[in-house]
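[1] My questions concern the predicted model and sequence given below.
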Amino acid sequence: MTAILTTRPAVSVAGLRKSFGTKVVLDDIDLTVTEGTVFALLGPNGAGKTTMVRILATLLAADGGSIRVAGHDLTREPDAVRAAIGLTGQFAAVDRLLTVRENLRLMADLNRLGRAEGRSRVDGLIERFDLGESAGKPVSVLSGGQQRRVDLAMTLVGDPRLIFLDEPTTGLDPRSRHEMWRIVRELVAEGVTVFLTTQYLDEADELADRIAVLDQGRIVAEGTPDELKRRIPGGHLLLRFADPATLRTAAAVLDAAQRDDAALTLQVPSDGGVTSLRAVLAALDAVHVQPEHLAVHTPDLDDVFFAFTGAPATASDIASEENR
């Protein structure tokens, strides 16, 4: 199914503030999440990510600010917000003693679906999440990845148009993580909005249309993954040459290069684009030199994360956020 692209906000936040005692966890936060996109909130432990999700999902009251979620004012219309959203936390929120089907039927009852509609929704989700062979088994015997699929399926029973995924792949093996990514992409293709918090930078790079970096309670950077990477210096071309003489000749024409005589390499500042690459190769061609090996390095989200976030939070900071 092809998503219908809009520019309407699924989440709109202005001046959001939250403190626990004297600890300021969220400090004057502004952000907008567009419908039908994946918005990723990155940050170190204790930065305020989970607190942000709990506030937007009506589980925790803000100290101040204006918040609209799914078109509804969070303070005046919390029931309407709850009816429009789904939430999957860091750990599977399922009854491990019930079977997969029983968990899904329970959620259908909680969403007040009629018997026929509830049965149809449950059967459809079991098929969609490839849980047919596990449907009659207690959740306790399933793998971690299967349990997370059940958890997300339960979130979708109410057909939410906005889903909060708080560290959805924590503890999963690589295969299960990629399966979860596939499901997220499918949901977004159907027009669902996903608000994702994660510490896995490759996950944000794979999924997010837009990223905000939260550190010490403030948004310190925001943009598309490519926009954030372009803000970080350090991109370069690494050229390796066959012998010292060729290296010296290349270094003479590429006077901005960092030279390593032992490794026979030059590191030339570059944005990784075709234009800068052609310029370097043209300069070498003019003196009849060719590199034996060439590699392009551009900043990644790891570089973005370390550039924009401060010192790691203390254990007490983490506990003050996550245990409330």
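    Now that the structure is in, tell me what you want to look at. Predicted model, so just to flag it, every value in this text is computed and none were measured.

[2] Mean confidence (pLDDT) on stretch 59-71, please.
    Average pLDDT, stretch 59-71: 96.

[3] Check stretch 231-249 too.
    Averaged over stretch 231-249, pLDDT sits at 90.

[4] what residues does that stretch touch?
    Identification of contacts with stretch 231-249 by Cβ atoms under 8 Å, 6 or more residues apart in numbering yields 221, 223, 250, 257-259, 261, 263-272, 276-277, 280, 287, 289, 291-299, 303-304, 307. Backbone N, C-alpha and C define where each C-beta goes, glycine included.

[5] Can you select the buried ones from those residues in PyMOL?
    Burial among these is assessed by 16 or more other Cβ atoms under 10 Å; the matching PyMOL selection reads:
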select buried, resi 221+250+257+264+265+266+267+268+270+276+277+280+289+291+298+299+303+304+307
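
[6] So which of the contacts of stretch 231-249 are in helices?
    A250, S276, L277, V280, D303, V304, A307 (DSSP state H).

[7] residue contacts, the third one?
    Just to be clear, that refers to L277. L237, S270, V296.

[8] cool, and R210?
    By Cβ under 8 Å, 6+ apart, the contact list for R210 reads V33, T34, T37, V38, F39, A40, E222, G223, T224.

[9] In the sheet, which residues pair with the closest residue to G64 other than its chain neighbours? Tell me.
    Among residues not flanking G64 along the chain, R17 sits closest, at 4.3 Å (Cβ to Cβ, 6 or more residues apart in numbering). Per DSSP bridges, the residues bridged to R17 are D27, G64.

[10] so what's R17 scoring on pLDDT?
    R17 carries a pLDDT score of 97 in this model.

[11] just checking, it touches T51?
    No. The pair R17 / T51 is not scored as a contact, 11.0 Å apart, by Cβ atoms under 8 Å.

[12] neighbour count winner among the two?
    T51 (24 against 15; other Cβ atoms under 10 Å).

[13] quick one: the strands in the stretch 151-300 of the chain?
    Remark: strands assigned in the stretch 151-300 of the chain by DSSP state E, counting those that start in this stretch are 162-166, 193-197, 210-215, 218-223, 236-240, 258-260, 265-269, 293-297.

[14] Check the offset of the last one from the chain's centre.
    Think strand 293-297. Put simply, strand 293-297 sits 28 Å off its chain's centre (Cα atoms, centre = their mean, to the nearest Å).

[15] same thing with the third one?
    Mean C-alpha position of strand 210-215 versus that of the full chain (Cα atoms, centre = their mean) differs by 9 Å.

[16] Can you measure across stretch 165-172, start residue to end residue?
    In stretch 165-172, first residue to last residue: 14 Å (Cα to Cα, to the nearest Å).

[17] Most neighbours among the contacts of R210, which one is it?
    A40 (25 neighbours).

[18] Isn't that residue up against A208?
    Yes. Counting by Cβ under 8 Å, A40 touches A208, with 3.7 Å between them.

[19] Pull up the overlap in contacts between those two.
    L196.

[20] Counting residues, which helix of this structure comes out longest?
    Longest helix in the chain, counting by DSSP H: helix 174-189.

[21] and that one with strand 162-166, angle?
    160 degrees (axes from the mean of the first three to the mean of the last three Cα atoms, to 10 degrees).

[22] Can you list the neighbours in contact with helix 174-189?
    Contact with helix 174-189 is made by 1-3, 36-38, 129, 143-145, 148-149, 152, 156, 163, 165, 168-169, 172, 194, 196, 200, 203, 206-207, as judged by Cβ under 8 Å, 6+ apart.

[23] who's sitting farthest from the centroid in this structure?
    A245 (47.4 Å; Cα atoms, centre = their mean).

[24] quick one: it from A282, how far?
    21 Å (Cβ to Cβ, to the nearest Å).

[25] Tell me where the model's unsure across this protein.
    The chain contains residues with pLDDT under 70 at 1-6, 90-92, 310-324.

[26] Per the annotation, how does it divide into domains?
    9-230+303-322, 236-298 (automatic domain parsing).

[27] Would you mind finding the most buried of these?
    Per residue and on average, the most neighbours among these fall to domain 9-230+303-322, with a mean of 18 (mean count of other Cβ atoms under 10 Å).

[28] And the helices in the stretch 1-150 of the chain?
    For the stretch 1-150 of the chain, applying DSSP state H, counting those that start in this stretch gives helices covering 49-56, 78-84, 100-110, 115-128, 144-156.

[29] Right, I'll leave it there.
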